[in-house]
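Peer 1: Here's my sequence, what's the structure:
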Amino acid sequence: MRTVYVAPIGEVEETVVDVVALALWSTFGLPVKRFPSLPDPAAALDAARQQYSSSAILRDLQLYCPEDPVKFVGITERDLFIPMLSFVFGQAQVGGPLALVSCARLRQEYYGLPPDPALLYSRVAKEGIHEIGHTFGMVHCSDAACPMALSNTIAQVDRKRGGLCDSCAALVHEITGKEML
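Peer 2: Take a look at the predicted model:
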């Protein structure tokens, strides 16, 4: 059976990986498996920006992608960027197999606040759903509370609920043939 794989890239808290895996399984209704930890993406570092190129990491993910995946998502602690934006919470190949989520700016510590594991888990689950949704060809949703809504700020991530809106859920059912759990 075709599978969604979730892979930590470098050092990533086990619970974060488990939370993303559970969110993807419950949203898309497909088998989710943990992939072994991948090497830290040191080659993707842009020294001038002190950030990591999400596009370079996605290219590297392709080297590890199993032959049978429905989708393959990497999770990193590294702060990501694409050239046209100062940062991204993640990136995906729209309609392709690969996605990437960064925990860096989803952590309260990034903003000088005390750690809040529950908030981190909520945020990373929403962004995991968002990026895998793009791999299924889904575009940004106009419902600001849907995980498929665009997020340019952490406040926008926090406004999202944990599950897809009815329209996006119907689209997932159409795409995967699976009912949301």
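Peer 1: Is the residue nearest the centre of the chain part of a helix or strand, or is it coil?
Peer 2: Nearest to the geometric centre of the chain sits residue 128, at 3.0 Å (Cα atoms, centre = their mean). Classification of residue 128 using DSSP: H, G, I helix; E, B strand; the rest coil returns helix.
Peer 1: The nearest residue to it once chain neighbours are set aside: how many residues sit nearby?
Peer 2: Leaving aside its sequence neighbours, residue 128 sits nearest to residue 20 (Cβ to Cβ, 6 or more residues apart in numbering; 4.0 Å). For every residue, glycine as well, the C-beta is placed using N, CA and C. Using other Cβ atoms under 10 Å, residue 20 has 29 neighbouring residues.
Peer 1: Okay, and residue 20 sits in which element?
Peer 2: Residue 20 belongs to helix 14-28 when elements are defined using DSSP states H and E.
Peer 1: which residues are in contact with the helix or strand hosting residue 52?
Peer 2: Secondary-structure element containing residue 52, defined by DSSP H and E: strand 51-53. Here strand 51-53 makes contact (Cβ atoms under 8 Å, 6 or more residues apart in numbering) with 41, 44-46, 76, 78-82, 87.
Peer 1: Point out the ones among the residues you listed that are inside strands.
Peer 2: 45-46, 76, 80-82, 87 (DSSP state E).
Peer 1: CSV for the contacts of strand 51-53, including pLDDT?
Peer 2: Shown next, in CSV, are those (pLDDT from 0 to 100):
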residue, pLDDT
41, 92
44, 96
45, 95
46, 95
76, 98
78, 97
79, 97
80, 97
81, 96
82, 94
87, 95
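Peer 1: What is the most widely separated pair among those?
Peer 2: Using Cβ to Cβ, those span at most 15.4 Å, a distance reached by 41 and 87.
Peer 1: So which of these two has more stuff around it?
Peer 2: Higher neighbour count among residue 41 and residue 87: residue 41, with 21 against 15, using other Cβ under 10 Å.
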